[in-house]
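Participant: below are the sequence and a predicted model for it; my questions follow.
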Amino acid sequence: MSLLITNISELVTNSPREAVSVTSPGPFETIADAAIVLDAGRVAWTGEAAEAPAADEVVDAAGRAVLPGFVDSHAHLVFAGERGAEFAARMAGLPYSAGGIRSTVAATRAASDDELRSNLARLAGEMLAQGTTTFECKSGYGLTVADEARSVALAREVTGEVTYLGAHVVAPEFGGDAARYVDLVCGDMLAACAPLAKWVDVFCEEGAFGADEARAVLAAGKAAGLQPRIHANQLGPGPGVQVAVEAGAAAADHCTFLSDADVDALAASGGTVATLLPGVEFSTRSPYPDARRLLTAGVTVAIASDCNPGSCFTSSMPLCVALAVREMRMTTAEAVWAATAGGARALRRADVGYLGVGARADLVLLDAPSHAYLAYRPGVPLIAGVWRSGERFA
């Protein structure tokens, strides 16, 4: 059954009006006084409302804006416990470090499958209600073969974008012996997790894993059929971005502390996206990444939530868009593109993040006349409707 959504004040398509291939969504693009037709879970037509074809069902957008569903390419949703006291301590002046991850590891290991599944479903529901129609989900809070395997299995129940992050930190029982733990991550743990995962990730950072260890993890994951991505340059300057580009990673995530060589490498990579996570800086009082520097250099930029219980416990992509505009000096168009088409590129997805003919029918109806209201009215619940694969969820 076809659906026509008409009387749209601004339709953000992220593709030119002319025909565009599904594998090459274009830049930020809008149509004023627009309409869109959905059919069989895909976009069948876009254009001016006055030219819209007939459809089986009609929804009047009442002069509101429509944009692609958000694509959140970095999230950690399989966990138990909470770290509110740690957040309060940070706000009182305690610096953030990777060590807090271990408290979540203990809680996650102690939780039942049903407890983890319930929390995962709650967070996935939060995301959908706020306009996120595609999201990535990492393991990384189990750090044993059994707990990592169940984490990727649970993640697979809610998304196809599952990331094996056994190399989050060195498991506590290894006493800081990173080499021995990496052997496990690249061996039995990988063998247990790879069948249900799509991606392999590593936290390449002081206090977690160095460059050679990160290279080993990504190489082993690639050999097992997984695609690489990496946590890079979050807590300080480091080798993460260079390792990402060397490995042909889809994305280097965080990118807070970059050298000129890092920016040049990303710009010349031909496919490694810089995924920026402004909610982390908001939640840790760390410096924000220099998005303008990356964009000026020609780097493809994505925005994601990094929803996790420690450094950024928000599932709100609208908040991340507002922070990117206010704190990272992105334009409203750049931020919305990064949160939709940019996220799709970070996941190497050709079917989401834009609203051209043939794209998956994932879209958000804003209770506002334009995309700019996501930053103009921060903190206000503006999501008036969400469609995923053509089905309305809110």
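Facilitator: Nice, I can see it.

Participant: those strands in the stretch 251-394 of the chain, which residues are they?
Facilitator: 251-254, 273-276, 301-303, 363-366, 383-388, 391-392 (DSSP state E, counting those that start in this stretch).

Participant: what pairs with the third one, parallel or antiparallel?
Facilitator: Read it as strand 301-303. Strand 301-303 sits in its sheet next to strand 273-276 (parallel), going by DSSP bridges.

Participant: likewise for the last one?
Facilitator: For strand 391-392, sheet partners with direction are given as strand 383-388 (antiparallel), following DSSP bridges.

Participant: quick check: buried residues in the strand it pairs with?
Facilitator: Buried residues in strand 383-388, counted by 16 or more other C-beta atoms under 10 Å: 383-388. From N, CA and C alone the C-beta is placed, and that goes for glycine too.

Participant: got it, and stretch 387-394?
Facilitator: Quick answer for stretch 387-394 (16+ other C-beta under 10 Å): 387-390.

Participant: likewise stretch 287-300?
Facilitator: 288-291, 294-295, 299-300.

Participant: closest to residue 181 out of these?
Facilitator: residue 289 (29.0 Å; C-beta to C-beta).

Participant: pull up the gap between the nearest residue to residue 115 once chain neighbours are set aside and residue 224, please.
Facilitator: Leaving out its chain neighbours, the residue that sits closest to residue 115 by C-beta to C-beta, 6 or more residues apart in numbering is residue 80, at 5.9 Å. Separation of residue 80 from residue 224 (C-beta to C-beta, to the nearest Å): 27 Å.

Participant: show me which of those two is the more surrounded one.
Facilitator: More crowded of residue 80 and residue 224, by other C-beta atoms under 10 Å: residue 80, with 19 against 16.

Participant: dump the residue contacts of the more buried one.
Facilitator: 104, 107-108, 110-111, 115-116, 119, 141 (C-beta atoms under 8 Å, 6 or more residues apart in numbering).

Participant: picking that back up, dump the strands of the stretch 251-394 of the chain to CSV, plus mean pLDDT and distance to residue 204.
Facilitator: Below are the strands of the stretch 251-394 of the chain laid out as CSV (pLDDT from 0 to 100; distance: least, C-beta to C-beta, whole Å):
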stretch, mean pLDDT, distance to residue 204
strand 251-254, 98, 9
strand 273-276, 98, 14
strand 301-303, 98, 18
strand 363-366, 98, 33
strand 383-388, 98, 33
strand 391-392, 97, 39
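
Participant: and these: which comes nearest residue 68?
Facilitator: strand 363-366 (6.0 Å).

Participant: just give me the closest of the buried residues of stretch 387-394 to residue 53.
Facilitator: Using C-beta to C-beta, these come closest to residue 53 at residue 390, 16.1 Å.

Participant: wait, that closest one touches residue 37, no?
Facilitator: No. Counting by C-beta atoms under 8 Å, residue 37 is not a contact partner of residue 390; they are 10.3 Å apart.

Participant: pLDDT score assigned to residue 20?
Facilitator: For residue 20, the model assigns a pLDDT of 40.

Participant: let's have the chain start at 49 instead
Facilitator: Happy to do that; since the first residue is 49 now, the last one works out to residue 68.

Participant: that older thread, the residue nearest to residue 163 - that's part of a strand, no?
Facilitator: No. Assigned with DSSP: H, G, I helix; E, B strand; the rest coil, residue 128 falls outside any strand and is coil.
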